[in-house]
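Novice: Give me the fold of what follows.
(one chain, ligands or ions: 1)
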Amino acid sequence: MKIQSARGTRDFYPEDMAFRQWLVERWREASRRAGFVEVDGPELESLELYTDKSGPEIAEQLYWLEDKSGRKLALRPEFTPTLARMIAARQAALPEPIRWFNVSRCFRYERAQKGRLREFFQWNIDLVGVEGEIGDAECISIAVDALKNVGLTPADVQVKVNDRRLLGALVRHLGIAEERVPQVFAILDKRAKVPPEALAVMLAEAGLESAQREGLERILAWQGLGDIEARELATSEIHAAVEALNRLFAHLEHYGIAEWCRFDIGIVRGLAYYTGPVWEVHDLKGEFRAIFGGGRYDRLLGDMGGKAMPACGFGCGDVVLGLLLEERGLRPAAEPAADCFVLREKPDWPEMLKAVRFLRGMGLRTQFDLKEGRLKRQHEKALESGARFKVILGEAPWPRARIIDSRAAADGAMKERVADLAPDDPEALKNLKVFLGVGAS
Ligand code: HAM
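Specialist: Model prediction:
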């Protein structure tokens with residue numbers, strides 16, 4: 001009986017694994033360039049960490065279990081609650097601001113759809129202890145750096161920015177009661193996923209009158225901050241939220257990334273803990289689900305039993321980004337696993353293995369035919385391996401070898417050299433290293 005992999009999970013064959021590692025490396029580079037350090041926590045957490053803090057959507061998607069002692073545990077659906085728990089536990093000892101990044105394997109019981117799986121990898125950037133829009137702008141700039149780092153441009157993707165304080169104030173200004181706001185946000189977050197009629201029904205069921213629903217529709221049709229009409233700017237709360245967004249956009253301009261970003265009143269975010277600016281990265285054609293999602297969550301640390309601290313950050317999954325890069329032809333080919341392939345006319349293990357030891361000792365990834373094939377077969381294996389250098393033994397007595405640089409051959413300039421392996425002479429060793437590109441970046 002063949003057992004299939006669980007729905008929504010993936011097997012990473014070598015080329016998939018190579019892509020995943022390439023992507024994670026690009027994420028790490030962008031994180032480190034901004035001076036962030038990597039952290040991690042457990043994949044299993046107490047169930048209540050999410051049922052209390054992430055909001056109903058995530059709670060519905062949890063994979064959870066009861067362990068042998070009856071504890072309710074969940075596989076992490078996101079990293080932010082773990083981060084808040086970790087910071088709350090050591091708050092006094094951590095120098096501020098806290099600049100942490102993380103790459104975690106996450107699990108969500110989602111309906112299988114393009115770009116959403118049940119197991120995925122998520123990169124997180126979190127900046128804790130920074131008040132004001134500069135923190136949000138710093139996070140967005142790191143997201144844009146990563147987008148550039150994988151070869152995307154503002155013609156491919158856009159950062160859509162909003163502020164929950166603005167939307168909240170506008171919703172209240174429509175006469176919708178404060179306690180209904182979270183429910184209205186949760187419904188608005190589904191806007192891209194459900195037809196307009198279904199949305200209208202959900203809003204009506206949430207108790208919104210038709211004038212309130214029409215008001216909401218008019219607000220959601222805004223294309224820019226400039227569309228905010230004077231009558232909507234009636235309250236000081238709305239004024240303050242617009243000013244905060246203007247400050248955020250001014251910072252983004254100074255980071256040199258204004259062309260990547262635009263205001264979008266429709267961005268709400270599904271998670272319950274956001275308190276201020278919220279943003280998502282979407283592909284410009286609108287083919288895929290969000291690639292990044294983030295925002296400010298100034299109350300989570302306090303809610304977690306720690307001292308209240310301002311915080312902002314984002315998460316980016318590997319699934320949609322992978323699909324987008326594939327579609328744009330930006331997914332890099334896997335690197336060959338070997339730099340050198342050692343061959344010998346008549347296999348002679350002592351000599352072969354001496355050569356292999358020497359080359360591996362220099363840090364070169366080295367393969368050879370483990371099946372003692374004939375020389376023709378060994379050449380085929382060398383080609384299959386993708387190794388740049390063929391190191392051929394046995395044509396002259398050991399330690400002499402003929403080394404062929406196949407990359408140079410592909411460029412039309414066949415490069416070949418006869419050299420002694422493991423030479424005592426420092427000058428000869430240096431020349432050999434130069435030819436094999438050892439130590440070159
Ligand atoms: P989120 O919007 O739930 O935010 O997820 C962020 C990103 O993770 C999404 O934009 C998407 O790329 C990826 N993602 C989420 N669910 C799935 C899935 N089922 N399959 C594939 N990819 C997925 C958060 O998780 C917040 N904790 C982010 C954050 C960090 N906010 C502040 N700090």
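
Novice: near the ligand, which residues of the stretch 51-200 of the chain?
Specialist: Proximity of the stretch 51-200 of the chain to the ligand, by Cβ under 6 Å from any ligand atom, involves residues 78, 80, 108, 110, 116, 117, 120, 122, 124, 126. All C-beta atoms are positioned from the backbone trio N, CA, C, and that covers glycine.

Novice: Can you give me the distance of the second one to residue 314?
Specialist: Residue 80 sits 10 Å away from residue 314, taking Cβ to Cβ, to the nearest Å as the criterion.

Novice: what residues do these two have in common as contacts?
Specialist: Shared contacts of residue 80 and residue 314 (Cβ atoms under 8 Å, 6 or more residues apart in numbering): residue 124.

Novice: any idea where the strands of the stretch 301-441 of the chain begin and end?
Specialist: For the stretch 301-441 of the chain, the strands defined by DSSP state E, counting those that start in this stretch occupy 311-317, 340-344, 366-368, 389-393, 400-405, 415-420.

Novice: Distance to residue 226 for the residues of the stretch 51-200 of the chain next to the ligand - can I get that in JSON lines?
Specialist: What follows is those, written out as JSON lines (distance: Cβ to Cβ, whole Å):
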{"residue": "78", "distance to residue 226": "34"}
{"residue": "80", "distance to residue 226": "33"}
{"residue": "108", "distance to residue 226": "37"}
{"residue": "110", "distance to residue 226": "37"}
{"residue": "116", "distance to residue 226": "34"}
{"residue": "117", "distance to residue 226": "39"}
{"residue": "120", "distance to residue 226": "37"}
{"residue": "122", "distance to residue 226": "35"}
{"residue": "124", "distance to residue 226": "33"}
{"residue": "126", "distance to residue 226": "32"}
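
Novice: which one of the residues you listed sits closest to residue 150?
Specialist: Using Cβ to Cβ, residue 122 comes nearest to residue 150 of these, at 15.5 Å.

Novice: Narrow the residues of the stretch 51-200 of the chain next to the ligand to those that are buried.
Specialist: By neighbour count, with 16 or more other Cβ atoms under 10 Å, these hold 78, 80, 108, 116, 117, 120, 122, 124, 126 as buried.

Novice: my guess is the fifth one contacts residue 5, does it?
Specialist: No. In this structure, residue 117 is not within contact of residue 5 by Cβ atoms under 8 Å, at 11.2 Å.

Novice: Let me know the outermost residue of this structure.
Specialist: Largest separation from the mean C-alpha position in the chain: residue 397, at 52.4 Å (Cα atoms, centre = their mean).

Novice: Which residue ranges of the stretch 151-300 of the chain form strands?
Specialist: With strands called from DSSP E, counting those that start in this stretch, the stretch 151-300 of the chain shows them at 157-163, 261-263, 277-283, 292-296.

Novice: Could you tell me which residues within stretch 309-324 count as buried?
Specialist: Neighbour-count burial for stretch 309-324, counted by 16+ other Cβ under 10 Å, picks out 309-324.

Novice: What is the most widely separated pair among those?
Specialist: Between any two of the buried residues of stretch 309-324, the greatest separation by Cβ to Cβ is 35.6 Å, found for 309 and 323.

Novice: hmm, back to that, CSV for the residues of the stretch 51-200 of the chain next to the ligand, including secondary structure?
Specialist: Listed next are those as CSV, based on DSSP: H, G, I helix; E, B strand; the rest coil:
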residue, secondary structure
78, coil
80, helix
108, coil
110, coil
116, strand
117, coil
120, strand
122, strand
124, strand
126, strand
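
Novice: show me what contacts residue 207?
Specialist: residue 180.

Novice: what about it, distance to residue 123?
Specialist: The gap separating residue 207 from residue 123 is 39 Å, by Cβ to Cβ.

Novice: Equivalent analysis for residue 395, please.
Specialist: Separation of residue 395 from residue 123 (Cβ to Cβ) stands at 50 Å.
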